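**Student:** Sequence and predicted structure are below.
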Amino acid sequence: MQKEGKHINQSSLIKGFTISDEQKEDLITFLHTLTDQLFLRDRE
């Protein structure tokens, strides 16, 4: 049975969390650093 706002396959061990807008932007910026744009454009 699916609970409101949760996927049927989501474990009950997975809990949400809240972050500020600034923390969200910082996280997104960090995640962008994990993508090597040069490698994606020129794989030689």
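**Tutor:** That came through, no problem.

**Student:** Kindly provide the distance from residue 27 to residue 33.
**Tutor:** 11 Å (CB to CB, to the nearest Å). The way it works is simple: take the backbone N, C-alpha and C, and place the C-beta from them, glycine included.

**Student:** When the two are compared, which one has more neighbours?
**Tutor:** residue 27 (11 against 7; other CB atoms under 10 Å).

**Student:** was I right about the more buried one contacting residue 19?
**Tutor:** Yes: A contact is recorded between residue 27 and residue 19 when judged using CB atoms under 8 Å, the distance being 7.1 Å.

**Student:** residues of the helix or strand of the chain with the lowest mean pLDDT that come out buried?
**Tutor:** Across the helices and strands of the chain, mean pLDDT, DSSP states H and E gives its lowest value to helix 37-41, namely a mean of 77. When burial is assessed from 16 or more other CB atoms under 10 Å, helix 37-41 yields no buried residues.

**Student:** could you dump it to PDB, C-alpha only?
**Tutor:** In PDB, the C-alpha atoms belonging to helix 37-41 read as follows (Å, rounded to 0.1, in the frame of the first residue of the first chain):
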ATOM      1  CA  GLN A  37      32.500  18.800 -18.900                       C
ATOM      2  CA  LEU A  38      35.800  18.400 -20.800                       C
ATOM      3  CA  PHE A  39      35.600  14.600 -20.700                       C
ATOM      4  CA  LEU A  40      32.000  14.700 -21.900                       C
ATOM      5  CA  ARG A  41      32.900  16.900 -24.900                       C
END
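
**Student:** Can you pull out the residues in contact with it?
**Tutor:** Contacting residues not belonging to helix 37-41 are not present [CB atoms under 8 Å, 6 or more residues apart in numbering].

**Student:** in this protein, which spans are helices?
**Tutor:** Counting by DSSP state H, the chain has these helices, from start to end: 21-33, 37-41.

**Student:** Residue 10: which of those is closest?
**Tutor:** Nearest to residue 10 among the helices of the chain is helix 21-33; the distance by CB to CB comes to 20.6 Å.
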